[in-house]
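[1] pasting a predicted model and its sequence here:
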Amino acid sequence: MNLAKYIFGFREEYFNKVSVEEKKKQYTAYNLLSLMLFILVIFSFLAGVIYGAIIFQQWIFAIITGLFLGGVSFILLLLVLFLNMTTDYNRLYDYMTDNSKIIEPYLDKDLTQLSDEELQVIAQEKKMLLREENQVPDPARFHISNIFTSIIKVTLILILSSIVANGFEFYIFRNKINDSLNIIRTNDKINELAQLQVADLKEHSNNYLVINAHWLLEMLNEKAEQPFLLIRSYSILLSLEIMQKALGNFKIVFDLFFSILFLTPLVLVKKSRKYAGGVFLKEVALSDITTSFMFFLLAKRKIQQVKKTIENEYNYSKLLKQKNE
Amino acid sequence: MSKKLNVLRISSLVFWIILALIMLLPFFKDNFFTVETTEDWLKSFDEEQFIEEDSLVLKKEKIVIEDSLLFQEEKRNKKDSIVLKKVKIDNDSINSIEEDIEKLPKYDINWVWSDYSGFNHQISFKILKRDVYKAINYRENYSRNISYGTIYPNFVNISNPVIDSMVKAMKMDMDKKQISGFDMLNYVVTAIQTPPYTLIGGKCEYKYGRNFINDCSPREDRRGCCENIYPFELFTPAEFILQKTGDCDTKSLVAYALLKKLGFNAAMLIGDTESGVHAMLGLTNVVPSIPSKYVQYKGRIYYPWEVTEKRDGFQLGSMTMWSGWLNWNVVCN
C-alpha cells in the first residue's frame, strides 16, 4: 500500500528521471515514515479513548476524546515532520525562496510570439539545467536558531509521548490499579476517618486527613448513575498517583519507550540521507521551481500581449487632444 | 552515504523493537506493578506514627541533645547528634512496648537553675525516647491549617508523658524543700526562664536587635536559632524539655503545661508588642506585687509573666521589657 501518497503526496511523475532502484528506496523510506506516523496516530487515538473512559466513564465521550487526541497528534506530528523535511540541495532551496535569478533573463525578452508549448520547453529546459547543476547535496549550515526550533519540536513530541504513555500504562495495568484502589476503598482507617462529621473536624488534630478520606471514598465508591469503565475511580489524578507509586522506576522506563517511539520519525527525517538528501525532496523542489517559472512566463507573455494591443488599438494623441479640448 | 543509510536502518529497527516491547508489556505486567506500595501510601492516613528505637528505619533529621550533662558527654564522645528513626507500629506492638516500658531507651534529663531568691535547684528525671520522637513526629505531620487555640492543647497532650516526668521530679524536689504557694510559681517559672532564649523560626537572621545564627542549641550569647520549625515556629513541650531550646511561645507553653499539672490557673497569652507578636504566660487568682497590664477572659483577670529569660525584672506582672500592649488574648487555658 502506497501510504506515502496520502501522507506526503508521493506521485509517479516525480520519479520520471530517477532510476528504478532509487525510486524503490525512496518509496520504502517514505512508506516506512508514513507507517510510523500512522501507528503513532493510532496509539494517540487509543490513549485518548482510555483517557476519555477514565474521565467521562462513558464510551461515546471516550471515542470523541480519542478522535480529538488522535487528530491533535496527527497534525502535530505531521507539522514537526514537515518542518524537519528540508532538502539538502540548498541551492534549490534558495531558488524556491528567491527566484529572481531564474526569471531575470526573461524580464526584457519578447515572449508574445511563443506558444504555450514553447514556454513549456523553456521551463523544462530550466528544470533539467537545475537538475544537472545540483547533482551533489549541499547540506545547510548550522545556525543558532536551529537549537531553539529543535528544542521546541522535541518538547512538543515529548509532551505528546508522555500523554500517550500514561494512557497506555493505565490500560495495561488497569487490573492492578483497580486492586490498589480497592485496597484504599476498603481500608479501615480511611473509612473510620470518613465517618467523622464536619462538626468533628475542629476537634480533630489532622483535619486534612478527614477531608482526604471523604474525598477518597467519594471518588472510589461507584455511583449507580455512572458505572465505572476501565479504572474503578472517578479521579484520574488519584489513579495516576497510585500507578506512579506502584510502578516506581519502571514508569520512567515505559515513558522512555514511548518517547523513543515518538522521537524516532523526527530523528529519521533529520538525520537520514534518504529524506533530506533524497531524490523525492529534490524533485519536489524542482517541480515547484518549474511550476512557478512556467506561470511567470505565461503571465509575462500575457502582459506583453495586452500592452501591444493597447498600443495598436488606442490612439493616445487623439485621446489626449480630445481631453484637453 | 553508507553511514547515513545506517540511520534509517537503525532508527527503524529501534522503532519496531520498542513497539514490540510495548506490545509484549501486558504479558509481564505483574512483574512491574507492586500493589504493596498502596499500603505505604495509606500510611499517610495514620495519625499516630510512632518513632522507635535507633536501630529501626532511618529518618533524616537530627536533633541535638541540649541537655547540659548529656550535651557535654556527647561532645566529648564526638556524638553530638542522635538520628531519629521512624516506624509505624501496630496495636500489638504498642501493648508489648507498654509491658516492657522499663526496658525502653530513655534520655536522662538534668535541670539546674536558681530562683529569684537565689536558691539553687536541681532536678533529674528520665523521659522515654519514644515519647519525644512521638511528639516530634506529631508536630512534623501536623496540619498547617490549624488555629492557635487547637495547636497548643494538642502539643501539650502529645507531650504529656514527658511533662508528667518533669512535674513529678519538680514535686518531689519542692516537697523535699517544703516549697509551696507563690514560691512554687517562682520555682517553676524560673526553671523555664533559665535556659537561654533560642529563636524558633523560619529563617535565622537579624531580629529583635540580635544577629541570630543557625545553631539550634541554648547558647549563652542568646543568638541560637532553630530554622524551619513548622507549624507556627513552635516546639512541643517534649522537645523543649529534651533540648532546652525555645522562644516566647514554646517556653510559655511549657510553663503553662507544668503549672496546670501543678494545679495553678495558668493560660497562654498572645498579643502585640512594639517588636511584633509575642507570647507570655498568664496567671489568674494571683496578684502581682507591682502594677501590671492584664487580660480579662471569661470573668477572670490574667496577669502576664515573661518567661523568655530570667532576670530580676521579669517577675509576675512585670512589663519592663515591653511598653506596647495591644490585642492581648488568652489562647489556651
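    Happy to help now that I have it. Numbers count the residues shown, from 1 in each chain, chains lettered A, B, ... in the order given.

[2] close to chain B: what parts of the stretch 51-200 of chain A are there?
    A:168, A:172-173, A:176-177, A:179-180, A:183-184, A:187, A:189-190, A:193 (C-beta under 8 Å from any C-beta of the partner chain). In short, each C-beta sits where N, CA and C put it, glycine included.

[3] now which of those residues would you call buried?
    Buried by 16 or more other C-beta atoms under 10 Å in any protein chain shown: A:168, A:172, A:173, A:176, A:177, A:179, A:180, A:183, A:184, A:187, A:190, A:193, out of those.

[4] contacts only, for the fourth one.
    Residue A:176 makes contact with A:246, B:29, B:30, B:33, B:35, according to C-beta atoms under 8 Å, 6 or more residues apart in numbering or on different chains.

[5] reformat the residues of the stretch 51-200 of chain A next to chain B as CSV; add secondary structure and pLDDT.
    Below are those laid out as CSV (DSSP: H, G, I helix; E, B strand; the rest coil; pLDDT from 0 to 100):
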residue, secondary structure, pLDDT
A:168, helix, 94
A:172, helix, 92
A:173, coil, 91
A:176, helix, 89
A:177, helix, 91
A:179, helix, 90
A:180, helix, 90
A:183, helix, 89
A:184, helix, 89
A:187, coil, 85
A:189, helix, 80
A:190, helix, 83
A:193, helix, 77
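
[6] what's the spacing between residue B:186 and residue B:171?
    15 Å (C-beta to C-beta, to the nearest Å).

[7] who's more crowded, the two?
    The residue with more neighbours, out of residue B:186 and residue B:171, is residue B:186; 18 against 15, by other C-beta atoms under 10 Å in any protein chain shown.

[8] in which helix or strand does the more buried one reside?
    Using DSSP states H and E, residue B:186 falls within helix B:182-193.

[9] just the mean pLDDT for that helix, thanks.
    Mean pLDDT, helix B:182-193: 88.

[10] please apply the same query to stretch B:318-329.
    74.

[11] flag every buried residue along the host helix or strand of residue A:285.
    Assigned by DSSP H and E, residue A:285 falls within helix A:279-313. Within helix A:279-313, the residues that count as buried by 16+ other C-beta under 10 Å are A:279-286, A:289-290, A:292-294, A:296-297, A:300-301, A:304.

[12] mind checking how far residue B:17 is from residue A:272?
    17 Å.

[13] next: residue A:323.
    Using C-beta to C-beta, we find residue A:323 at a distance of 68 Å from residue A:272.

[14] between these two, which has more neighbouring residues?
    residue A:272 (23 against 7).

[15] phi, psi for the more buried one please.
    Backbone torsions of residue A:272, given as degrees, to the nearest 10, read phi -80, psi 140.

[16] same for the helix holding residue A:285, what does it pack against?
    helix A:20-56, helix A:90-97, helix A:100-103, helix A:116-133 (3 or more C-beta pairs under 8 Å, 6 or more residues apart in numbering or on different chains; DSSP states H and E).

[17] return the most buried member of the ones you listed.
    For the helices and strands packed on helix A:279-313, the largest average neighbour count (mean count of other C-beta atoms under 10 Å in any protein chain shown) is found in helix A:20-56, namely a mean of 20.

[18] after that helix comes which helix or strand?
    helix A:59-84.

[19] on that earlier part again, need the least confident one among the helices and strands packed on helix A:279-313, by mean pLDDT.
    When I compare those, helix A:90-97 is least confident, with a mean of 80.

[20] put the alpha carbons of it into CSV.
    The C-alpha trace of helix A:90-97 is given here as CSV (Å, rounded to 0.1, in the frame of the first residue of the first chain):
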residue,chain,number,x,y,z
ASN,A,90,20.4,24.1,-0.7
ARG,A,91,20.7,26.0,-4.0
LEU,A,92,17.3,24.7,-5.0
TYR,A,93,16.1,25.8,-1.6
ASP,A,94,17.4,29.3,-2.4
TYR,A,95,15.7,29.4,-5.8
MET,A,96,12.4,28.4,-4.1
THR,A,97,12.6,31.3,-1.7
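
[21] and the closest residue to chain B within chain A, how far from residue B:130?
    For chain A and chain B, the shortest gap (C-beta to the nearest C-beta) falls at residue A:273, measuring 3.6 Å. Per C-beta to C-beta, residue A:273 is found 71 Å from residue B:130.

[22] please apply the same query to residue A:159.
    In terms of C-beta to C-beta, residue A:159 sits 49 Å off from residue B:130.

[23] go on, residue A:178?
    39 Å.

[24] so these two - more neighbours on which side?
    When residue A:178 and residue B:130 are compared for neighbours, residue B:130 comes out ahead with 20 against 17, by other C-beta under 10 Å.

[25] mind naming the longest helix for chain B?
    For chain B, the longest helix by residue count, based on DSSP state H, is helix B:2-24.

[26] next secondary structure after that helix?
    Following helix B:2-24 toward the C-terminus (DSSP H and E): helix B:36-42.

[27] still on that earlier bit, which one, of the helices and strands packed on helix A:279-313, ends up nearest to residue A:6?
    Among those, the nearest to residue A:6 by C-beta to C-beta is helix A:20-56 (7.5 Å).

[28] by contact count, what packs against that closest one?
    Applying 3+ C-beta pairs under 8 Å, 6+ apart, one finds that helix A:20-56 contacts helix A:3-8, helix A:59-84, helix A:144-172, helix A:236-247, helix A:249-271, helix A:279-313, helix B:2-24.

[29] who's in contact with the first one?
    When contacts are defined by C-beta under 8 Å, 6+ apart, helix A:3-8 is touched by residues A:10, A:11, A:27, A:30, A:31, A:33, A:34, A:35, A:37, A:38, A:78, A:280.

[30] in it, what's buried?
    So for helix A:3-8, counting by 16+ other C-beta under 10 Å, buried means A:3, A:4, A:7, A:8.

[31] any idea how far residue A:235 lies from residue B:301?
    53 Å.

[32] okay, those two: which has more neighbours?
    Higher neighbour count among residue A:235 and residue B:301: residue A:235, with 18 against 15, using other C-beta under 10 Å.

[33] I'd guessed the more buried one sits against residue A:219; true?
    Yes - assessed by C-beta atoms under 8 Å, residue A:235 is found in contact with residue A:219 at 4.3 Å.

[34] elements contacting the helix holding residue B:186?
    strand B:106-114, strand B:120-128, helix B:160-177, helix B:248-261.

[35] tell me how far stretch B:12-23 lies from the chain's centre.
    Centre-to-centre, stretch B:12-23 and its host chain are 56 Å apart (C-alpha atoms, centre = their mean, to the nearest Å).

[36] next, see if it gets close to chain A.
    Yes - using C-beta under 8 Å from any C-beta, stretch B:12-23 reaches chain A at B:12, B:14, B:15, B:18, B:19, B:21, B:22.

[37] could you list the domains of chain A?
    A:3-87+A:139-184+A:248-277, A:90-136+A:279-325 (automatic domain parsing).

[38] between those domains, which one is closest to residue B:331.
    domain A:3-87+A:139-184+A:248-277 (37.3 Å).
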